[in-house]
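>>> Okay, here's the prediction I keep looking at, along with the sequence it came from:
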Amino acid sequence: MSVYKLPSGNWRVVIDVDRETNGTRGRRSLGAFKTRKDAERAEREALTARDRGIDLAPMTVTVKQLADRYLSDREALGRGEKTIEEYRRIVTLYIVPHLGEKIVAKLRPAHVSEWIAALSKSGGIVPKDATIGRPLSPKTVRHAFALLNGTMRWAVRMQLAGRNVCEAVTAPTASPSEAKALTSDEVRRLLTVAREGRWSSFTTLALTLGARRGELCGLSWSDVDIEAGTVTIRRSLSQTKGRVVLKGTKSGKSRTLPLSRHAIDALRHQRAAQAADRLKAGGIYGEDAAVFADELGQRVTPKAATAAFARMAEKAKISTTRLHDLRHTAATTLLVNGVDVRTTAGVLGHSTPGVTLSTYAHLVADAQRSAVDSLGDSIERLSNG
C-alpha cells in the first residue's frame, strides 16, 4: 500500500522510483499530507511524472532544466496552448537569463530576492547595444515570480528540491491597473470610423456585449437567434504561434445574453455583408459559418481583430488602441447605470462577482454612492411632504 495513515492522523505516500542509474528499484517517500485526498493527488502526480521519464530522485538539475520539465508536465496535463506559450516566454525572457544555470539544490531565498530586484531594475534579456535593460512593470515581475513559485512547488512534490525557496521571499506586489473606458464622444468617433470598413458589426457587439475578443471571433451563426434576440457565447478562438483553435470560454461555461436593437441591426448587416462576400467569392467561400469572417469566409483571428481595432482607434483619435478596452467600456456603462455586480459579472462571463469587484471596485463604489444619495433624496422628499 503506497498511501497509508500515520499515528498522527496525517497520510504518507511512498512510491517506487529508480534510485540509481543502473535501474535498481527503490522506495521513496513523498512526505506526509493532512488529508487522504491530498496524499492521493500527490501520488498520482508523482507516478505520472515518473512514467513520463522524469527522475524523481534528487539530482543536480538546473533551474532552466526544472522549468522545462515543469512546463512539459503542465502541457501533458492539458494546460491551454496559449498559457504554455506565455509561460515559455516568461521563462526565456525573465527567468533563464538570471537564474537558468543555477543548481536547484543550491538555490537560496537571497538569489530569488536579488532576481526580483534585477527584474524591477533592468528586466530580463539585456539588448546587445544597451548597458542596462528596460525595467519591468510590477505586474510582469509578479507574474514571473508566480511562475517560479509554481515551478518550485512542483519540484518539491517531485522530490527534485528539498524545499520551495520562494516561500521565504516576500512576493512582489502590483497594484491592479485601473480599467480604461471610452468616453461617449470617443465611442461615437470610433463607430463612425468602423462603419467605413468591415469591422462595424464586430465593434458594435464588442461594445454592447462586453465579450472578449476570442469569444467574438469564436461566434458562429448557430449561436445567434435574431428572432429571440439572444446570442450564446459557447467558445473562444485561441491563437498561438502557428495555430488557431476553438476552445471553451475562459470560465468554462457558456452564457446566453439578450441582444439590444442596435446589436440586432449590426448582426443583420453582418449577415447581408457575408451574403455579398459569398456571391462574389463563388465556390471558394468557406463553410465555417463564422459570424465574423474575411472576404473568403475564413474566421477572423484575435490578432487580426486587435490590429484592425488599433488602426481604427488611431484614425478616430481616441485615447486607447487596446481592443480589450471596449470590454471595459461595456462594464463601466453597466455599473455606472446602476446594474448590480452579479448581473454585470454574468454579462461579462466572469467566474464570480468577486472578479468583477476586483477589476471595477472604484466604479462599484461610485454606483453605491449614487444609489445612497438617490435614496437619501427620496426619503428627504417624503419627510418634507
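Perfect, I can see it now.
>>> quick one, domains of this structure?
1-52, 58-175, 184-320 (automatic domain parsing).
>>> what would those domains look like in a markdown table with mean neighbour count and mean pLDDT?
The C-beta positions use only the backbone N, C-alpha and C, and glycine is treated the same way. A markdown table is the format used below for the domains of the chain (neighbours: other Cβ atoms under 10 Å; pLDDT from 0 to 100):
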| stretch | mean neighbour count | mean pLDDT |
| --- | --- | --- |
| domain 1-52 | 14 | 73 |
| domain 58-175 | 17 | 85 |
| domain 184-320 | 17 | 93 |
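>>> any chance you could map the helices in the stretch 251-385 of the chain?
Remark: helices assigned in the stretch 251-385 of the chain by DSSP state H, counting those that start in this stretch are 261-281, 302-316, 324-336, 341-348, 353-359, 361-384.
>>> re the thing from before, got the domains of the chain as TSV, with distance to residue 341 columns?
As requested, these are exported to TSV (distance: least, Cβ to Cβ, whole Å):
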stretch	distance to residue 341
domain 1-52	33
domain 58-175	21
domain 184-320	14
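>>> Select, out of these, the one closest to residue 344.
domain 184-320 (8.4 Å; Cβ to Cβ).
>>> Give me the distance between the closest one and the centre of its chain.
20 Å (Cα atoms, centre = their mean, to the nearest Å).
>>> now do the same end-to-end measure for that domain.
14 Å (Cα to Cα, to the nearest Å).
>>> Could you list every helix and strand in contact with the helix or strand that contains residue 39?
With secondary structure defined by DSSP states H and E, residue 39 is part of helix 36-51. Helix 36-51 sits against strand 3-5, strand 11-18, strand 25-33, helix 63-76, helix 138-157, with contacts defined as 3 or more Cβ pairs under 8 Å, 6 or more residues apart in numbering; DSSP states H and E.
>>> tell me the angle of it relative to helix 138-157?
Put simply, helix 36-51 runs at 90 degrees to helix 138-157, going by axes from the mean of the first three to the mean of the last three Cα atoms, to 10 degrees.
>>> Render the CA-only coordinates of helix 36-51 in PDB, please.
Taking Å, rounded to 0.1, in the frame of the first residue of the first chain, the C-alpha atoms of helix 36-51 are listed here in PDB:
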ATOM      1  CA  ARG A  36      -6.000  11.300   2.100                       C
ATOM      2  CA  LYS A  37      -7.300  13.300  -0.900                       C
ATOM      3  CA  ASP A  38      -4.100  15.400  -0.800                       C
ATOM      4  CA  ALA A  39      -1.900  12.300  -0.500                       C
ATOM      5  CA  GLU A  40      -3.600  10.500  -3.400                       C
ATOM      6  CA  ARG A  41      -3.300  13.600  -5.600                       C
ATOM      7  CA  ALA A  42       0.400  13.800  -4.800                       C
ATOM      8  CA  GLU A  43       0.800  10.100  -5.600                       C
ATOM      9  CA  ARG A  44      -1.000  10.500  -9.000                       C
ATOM     10  CA  GLU A  45       1.200  13.500 -10.000                       C
ATOM     11  CA  ALA A  46       4.400  11.700  -8.900                       C
ATOM     12  CA  LEU A  47       3.500   8.500 -10.700                       C
ATOM     13  CA  THR A  48       2.500  10.400 -13.900                       C
ATOM     14  CA  ALA A  49       5.800  12.300 -13.800                       C
ATOM     15  CA  ARG A  50       7.800   9.000 -13.200                       C
ATOM     16  CA  ASP A  51       6.000   7.300 -16.200                       C
END
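>>> That one relative to helix 63-76, how many degrees between them?
110 degrees.
>>> going forward, begin numbering at 25 instead of 1
Okay, residue one is now 25; in that scheme the one you just asked about reads as helix 60-75.
>>> how far is helix 60-75 from where the chain is centred?
Using Cα atoms, centre = their mean, the offset of helix 60-75 from its chain centre is 27 Å.
>>> likewise stretch 167-179?
That offset, for stretch 167-179, works out to 17 Å (Cα atoms, centre = their mean).
>>> Looks like residue 193 contacts residue 139 (just checking).
No: Residue 193 sits out of contact with residue 139 when judged by Cβ atoms under 8 Å, with a separation of 9.2 Å.
>>> residues contacting residue 330?
Going by Cβ atoms under 8 Å, 6 or more residues apart in numbering, residue 330 touches 237, 347.
>>> Spit out the contact partners of the residue lying closest to residue 184 once chain neighbours are set aside.
Nearest residue to residue 184 in three dimensions, chain neighbours excluded: residue 85, at 5.9 Å (Cβ to Cβ, 6 or more residues apart in numbering). Residue 85 is in contact with 93, 127-129, 184, counting by Cβ under 8 Å, 6+ apart.
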